[in-house]
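In: Provided below for reference: sequence and predicted model.
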Amino acid sequence: MKPIIGWIAGSHLDDLGKVSPKVFNGRTGNSIDFEEEGFSVRDCIVNGKKRNLAKYVAEVKVDTRLPLVADYNGTKVNVASNP
């Protein structure tokens, strides 16, 4: 299986409040950033441009049935909430 979007890259604790983690589209390499915190979001920033997340996912034809994988220090972890 391949991940939905790519992986979430964390940031060093010394950089808290200075930089934010990024999400990358594994197929295109586009970076995706979020202005709001939480598990529900409407808009995101894709390569510096504000976009509606649902429209972006549909536009690039992301298969949302696939898992969301995070990279934790080189270890790939499925962080999707699928049962």
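Out: Ah, there it is.
In: can you pull up the bridge partners for the residue minimising distance to the centre of the chain?
Out: In the chain, the C-alpha nearest the mean C-alpha coordinate belongs to Val23, at 3.1 Å (CA atoms, centre = their mean). For Val23, the beta-bridge partners are Ile8, Ile32 (DSSP bridges).
In: tell me how far it lies from Val57.
Out: The gap separating Val23 from Val57 is 12 Å, by CB to CB, to the nearest Å. Every residue, glycine included, has its C-beta placed from N, CA and C.
In: shouldn't the residue nearest to the centre of the chain be in contact with Ser31?
Out: Yes. Applying CB atoms under 8 Å, one finds Val23 in contact with Ser31, separated by 7.3 Å.
In: all helices for the protein, in order.
Out: 53-59 (DSSP state H).
In: farthest residue from the center of it?
Out: Largest centre distance within the chain, by CA atoms, centre = their mean: Asp14, 21.8 Å.
In: ok, that one - contacts?
Out: Taking CB atoms under 8 Å, 6 or more residues apart in numbering, we find Asp14 in contact with no residue.
In: how close does it get to Gly48?
Out: 25 Å.
In: any regions of the protein where pLDDT drops low?
Out: Counting by pLDDT under 70, the ranges of the chain that qualify are 1-11, 20-21, 39, 79-83.
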